[in-house]
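Undergrad: Return a 3D structure for these sequence lines:
(2 chains)
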Amino acid sequence: MSYVEIRGLSKRFDDTIVFENIDLDVDEGTICVLVGPSGCGKTTLLRAVAGLTNPDSGVIRIDGRDVTAVEAKHRGVGMVFQHYALFPNMSVEQNLAFGLQQKKLSAAEIADRVAAIIKLMGLEQRAKARPAALSGGQRQRVALARALVLEPKLLLLDEPLSALDAQIRKRLRDELKRLQQEIGFTAIFVTHDQEEAMMLGDVVAIMQSGRFSQLGPPADIYNKPASLSVAEFIGDFNIFNPEAVSGLFGTHTDFPWAVRPEAIDLLLPGSKLPKRLAGVRAEVTIGSVQALGAMVRYFVRAGQTSIKVDVLNKAGQQRFQPGQKALIHIAKDSITEMLK
Amino acid sequence: MRDRSFRDWFWIGLLVTVQLLPILAVFLNSVAVDWAGTILPDGYTSDHIRNITSDPRFTQSIINSLIVATGSLLITPLICVPAILVAYCYFPMLDKCMAVLVILPYAVPGIVLALGLLRIYSGNYGIVLNGTPWVLIFGYLPLAAPLYYVPIKSNLRALRTTEIFEAGRLLGASDFVIMWRIILPCVKQGLIIGLVMNFTLAISDFVYANLLVGGHFPTLQIFMGVLNGGSGRKLSVLITTYFIVIFVATAIVVWVTSRRIDE
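TA: Coordinates of the predicted model:
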């Protein structure tokens, strides 16, 4: 039995189906990331698990206990909100102590636990500050600390990093992963950022139009999207329809191919590849070149088809120039046939 | 922040002067021996102050005004503030109606409202308050409602109340605890403004006091009305006293409220 079990969960708002017949299992000490476009129902699902929204049908079990009809405050879940939801009239310490006070713990125990979480989160210098005096990153750390200090059975995070700028977001993401490995909490994390999902999730659930389109380890979702819509959402796949496959590579297929840009080799015309690298190849013309930091992205053309190719940006490596002829090679293992 | 220039101070000084000048003029008039055709009085005396403070009607009017104002301050926020918070946090539709409802007493002519209040409190509905300070205390309630509603609502708009309630509930708090420990302190500024305005309304009103209680319960403003047309010097003493009472009471309200809520 999984630590968190969701079975047949459905929710409608009037005539609109928010999510339908959702099944989800989350193992203890893992992070499950719900990722999907805006309006796909992921936040409502999270709120249903928290007890802030009542599902129309289905069951939610946490640690073997059916909590579907249990009040939010008795479910033993902690939640981190997108806009922090810190109490503006209280200092960092007071925000952290609030939940412990509601549990009627002794003043000494509250002080100990607050001090410990402040140290763990590196908030010692800001303990007396009010939320208004904190940066976005610090506020989110306080919000996370406020949820963690209660030692919840399940931590729910509703797009906690989306209001932060890119740099802080990356740092907090790493910090969150470190904390999770250190404390071992179980979490459901909602985001619309694919990179965040891949980096944080032990399991990633792609949610589209109120259903899970694919659920599994991030590597599987990244490399083997289950459908065209997942491939398009996960992003940056080159989709070759059967006509393009036939025209470019001279191979017959009944289904479109999805190929990641970094899985395509870009070679000088006439280059020879070892025979063990079975795959397909086509002649292309370099369109434009973009430096993306660690990668260089080439937009190449082959007939009417535009293809994205990512190449590692190594120092001293000569780049292809726009208009130059080149060869692309796609290894067989890198091709995903889109059956649906 | 850039340093304040002379021009900045000039405008601030001008505003303060324009506001203080009439008060200063009234005070000078209250201690003037004679003042006509000159910038400053011809001489100064404390006779007018002694005369009026020895009049028992003066002390009684101040006491009466303070009773009404304090009563209004004790009762009005107890009814208005929870209603505003509950409507905003739980019933957004009701809150929209409330925005219209609170300004109604100002859309109705004073005489109409006073007659309505007299009908309500003269026993037609089993409540007899006419001629007592209670009729003023409850009469000022609808007039004071917008004085709380506008500033508190403005504070509430800056809060994400739904998220705060959800976060509080998940941390194990009841809605009452969330309201008392988080929402109320966050609308402190609006509440202080409401209390000060409520006090000022209750102590400076003449129209409703005259129509509802008149000579039965003479307040400072009614006493001023009695003196009006008599000695201008005595009236000036009264007005100066009125300013002092308002100033001291406002300072006390601000001090007490900010201390209580911070605790």
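Undergrad: how far away is the closest residue to residue B:110 other than its chain neighbours from residue A:241?
TA: Closest residue to residue B:110 apart from its sequence neighbours, by CB to CB, 6 or more residues apart in numbering or on different chains: residue B:207 at 4.7 Å. No exception for glycine: its C-beta is placed from N, CA and C like everyone else's. From residue B:207 across to residue A:241, the span is 81 Å (CB to CB, to the nearest Å).
Undergrad: Quick check, the residue in the stretch 201-340 of chain A closest to chain B?
TA: Relative to chain B, the nearest point of the stretch 201-340 of chain A is residue A:207 (21.3 Å; CB to the nearest CB).
Undergrad: ok but that residue is inside a strand, no?
TA: Yes - applying DSSP: H, G, I helix; E, B strand; the rest coil, one finds residue A:207 inside a strand.
Undergrad: Quick check: the residue nearest to it when sequence neighbours are not counted vs residue B:76, distance?
TA: Leaving aside its chain neighbours, residue A:207 sits nearest to residue A:36 (3.5 Å; criterion: CB to CB, 6+ apart). Residue A:36 sits 50 Å away from residue B:76, going by CB to CB.
Undergrad: same question, residue B:91
TA: From residue B:91 across to residue B:76, the span is 21 Å (CB to CB).
Undergrad: So between these two, which is more surrounded?
TA: Remark: of residue B:91 and residue B:76, residue B:76 carries more neighbours, 26 against 12, as counted by other CB atoms under 10 Å in any protein chain shown.
Undergrad: and the more buried one, what does it touch?
TA: Counting by CB atoms under 8 Å, 6 or more residues apart in numbering or on different chains, residue B:76 touches B:137, B:140, B:141, B:144, B:145, B:148, B:198.
Undergrad: how about 10 Å then?
TA: For residue B:76, the contacting residues are B:137-138, B:140-145, B:147-148, B:194-195, B:198-199, B:201-202, by CB atoms under 10 Å, 6 or more residues apart in numbering or on different chains.
Undergrad: Pull up the per-residue confidence for it.
TA: Reported pLDDT at residue B:76 in the predicted model: 94.
Undergrad: and the closest residue to chain B within the stretch 101-250 of chain A, how many neighbours?
TA: For the stretch 101-250 of chain A, the residue closest to chain B is residue A:102, as judged by CB to the nearest CB, at 3.6 Å. Using other CB under 10 Å, residue A:102 is surrounded by 19 other residues.
Undergrad: and if you look at the one 5 residues further on?
TA: Taking other CB under 10 Å as the criterion, the count of residues near residue A:107 is 10.
Undergrad: pretty sure it is touching residue A:113, no?
TA: No - with contact defined as CB atoms under 10 Å, residue A:107 does not count as touching residue A:113 (11.1 Å).
Undergrad: Quickly list what's touching both of these two.
TA: Counting by CB under 10 Å, 6+ apart, the shared contacts of residue A:107 and residue A:113 are A:97, A:100.
Undergrad: Helix or strand for residue A:70, just tell me which one.
TA: Residue A:70 is part of no helix or strand, with elements assigned from DSSP states H and E.
Undergrad: Setting aside sequence neighbours, what's the nearest residue to it?
TA: Nearest to residue A:70 is residue A:51, by CB to CB, 6+ apart, at 6.5 Å.
Undergrad: so after the longest helix seen in chain B, what's the next helix or strand?
TA: Assignment by DSSP state H gives helix B:56-90 as the longest helix of chain B. Later in the chain than helix B:56-90, the nearest helix or strand by DSSP H and E is helix B:92-101.
Undergrad: buried sites along the helix or strand following that following helix?
TA: Next helix or strand after helix B:92-101 toward the C-terminus (DSSP H and E): helix B:104-107. Residues residue B:105 are the ones in helix B:104-107 that count as buried (16 or more other CB atoms under 10 Å in any protein chain shown).
Undergrad: Contacts for helix B:104-107, please.
TA: Here helix B:104-107 makes contact (CB under 10 Å, 6+ apart) with B:100, B:113, B:116, B:139, B:140, B:141, B:142, B:143, B:144, B:145, B:146.
Undergrad: Contacts only, for the last one.
TA: Residue B:146 is in contact with B:80, B:98, B:99, B:101, B:102, B:103, B:104, B:105, B:106, B:153, B:194, B:197, counting by CB under 10 Å, 6+ apart.
Undergrad: Can you select the buried ones from those in PyMOL?
TA: Buried residues among the contacts of residue B:146 (16+ other CB under 10 Å), as a PyMOL selection:
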select buried, chain B and resi 80+98+102+105+153+194+197
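Undergrad: And for residue 41, the neighbour number?
TA: No chain was given, so I picked chain A. Residue A:41: 22 surrounding residues under other CB under 10 Å.
Undergrad: Not quite, go with chain B.
TA: The burial count for residue B:41: 15, using other CB under 10 Å.
Undergrad: Done for today, thanks.
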